[in-house]
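Visitor: Predicted structure and sequence below. I'll ask about it afterward.
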Amino acid sequence: MEPDLGSVRHQLALLARRKRARVVGWARQWPSDWRPTQVINPANGRPFTPAGAWEYLATVLAERLDISLQEVELKIPPGAKAYVLLIPLGDRTLYVKLQLGSGQIIGRSFHYSHYEGSS
């Protein structure tokens, strides 16, 4: 069955705006590569703050429907689903991977894409 990515997108945006719902992956069950302070915020030319990264993602998810959301299957934990965004930031691409938890949004990746130049 095809996932309703519009509904998922809406849920991710709502949770990203709730400070208490945000979790960054850690430990074995949620490995992550979450580095917002190493990514330049296009709005001000300075690195994202951790809170600023979540706010940016909430805005992208809610307003930038031209940026597609892709469902992927995670290796850890096996079979779990996550959602990937590839967000153009000038001449670079921001790679974001998010997972839905029980009333939570789990940040798994937030960094420049390792695959620059490939679409």
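Guide: Okay, I see it.

Visitor: Give me the below-cutoff pLDDT ranges for this structure.
Guide: Within the chain, the ranges that satisfy pLDDT under 70 run 1-3, 26-29, 115-119.

Visitor: Can you give the contact residues for the helix or strand that contains residue 55?
Guide: Assigned by DSSP states H and E, residue 55 belongs to helix 50-63. Under the criterion CB atoms under 8 Å, 6 or more residues apart in numbering, residues 9-10, 12-14, 16-17, 19, 22, 36-37, 39, 41, 43, 48, 67, 69, 85, 87, 96, 98, 107, 110 lie in contact with helix 50-63. Placement of C-beta: from N, CA and C, glycine included.

Visitor: Name the residues of that helix that come out as buried.
Guide: Under the neighbour-count criterion of 16 or more other CB atoms under 10 Å, helix 50-63 has 52-54, 56-58, 60-61 buried.

Visitor: Let me see the ranges of the helices in the chain.
Guide: Counting by DSSP state H, residue ranges of the helices within the chain are 5-16, 50-63.

Visitor: Same list, those, but as a markdown table with distance to residue 73 please.
Guide: Listed next are these as a markdown table, based on distance: least, CB to CB, whole Å:
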| stretch | distance to residue 73 |
| --- | --- |
| helix 5-16 | 14 |
| helix 50-63 | 20 |
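
Visitor: Which one, of these, ends up nearest to residue 102?
Guide: Nearest to residue 102, of all these, is helix 5-16, at 10.9 Å by CB to CB.

Visitor: I am assuming residue 16 contacts residue 106, so please confirm or correct that.
Guide: No: contact criterion CB atoms under 8 Å: residue 16 and residue 106 do not qualify, at 10.9 Å.

Visitor: who touches both of the two?
Guide: Common neighbours of residue 16 and residue 106 (CB under 8 Å, 6+ apart) are residue 98.

Visitor: Pick the one among the buried residues of helix 50-63 closest to residue 4.
Guide: Of the buried residues of helix 50-63, the one sitting nearest to residue 4 (CB to CB) turns out to be residue 61, at 14.3 Å.
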